[in-house]
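J.: Quick one: sequence plus predicted model below, questions after.
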Amino acid sequence: MTIREENNLHEEKLQEIASKASKKAVSDTHKNGLPVTILEGNEIIRLYPNGKKEVIRRVRGRYIDAEKLPTRLMP
């Protein structure tokens, strides 16, 4: 295995761990009845436990295509 292949494996594992931790944090926060704030596309959104989304602000000059992220925080 090359160093590049090994680095790619470590990066994939780190992304997997971060994704699981993020999902758990959102779930735990919602279980306590609190909203979370996320960046989706170019919008800062407050996501409530009942699924309601409130756009707080639109961000200029920065765009993250949520559909292209490895996994979504919420379904």
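T.: Done, it's in.
J.: Quick check on Arg46: phi, psi?
T.: Phi and psi for Arg46, reported as degrees, to the nearest 10, are phi -100, psi 120.
J.: Give the bridge partners for it, please.
T.: Following DSSP bridges, Arg46 is listed with bridge partners Thr37, Glu54.
J.: That one touches Arg57, doesn't it?
T.: No. Here Arg46 lies out of contact with Arg57, judged by CB atoms under 8 Å, at a distance of 10.2 Å. Backbone N, C-alpha and C define where each C-beta goes, glycine included.
J.: Just the pLDDT at the residue sitting furthest away from the middle of the chain, thanks.
T.: What lies farthest from the middle of the chain is Met1; by CA atoms, centre = their mean that is 30.7 Å. Reported pLDDT at Met1 in the predicted model: 81.
J.: Neighbour count for Arg46 and Arg57, which is higher?
T.: Between Arg46 and Arg57, Arg46 has the larger neighbour count (other CB atoms under 10 Å), namely 13 against 9.
J.: Might you report the residue contacts of that one?
T.: By CB atoms under 8 Å, 6 or more residues apart in numbering, the contact list for Arg46 reads 35-37, 53-54, 56.
J.: Please pick the buried ones from the residues you listed.
T.: 35-36 (16 or more other CB atoms under 10 Å).
J.: I'd like the contacts of Arg46 as a markdown table, with pLDDT and distance to Glu11 appended.
T.: Shown next, in a markdown table, are the contacts of Arg46 (pLDDT from 0 to 100; distance: CB to CB, whole Å):
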| residue | pLDDT | distance to Glu11 |
| --- | --- | --- |
| Pro35 | 96 | 31 |
| Val36 | 95 | 25 |
| Thr37 | 93 | 26 |
| Lys53 | 95 | 30 |
| Glu54 | 96 | 33 |
| Ile56 | 93 | 31 |
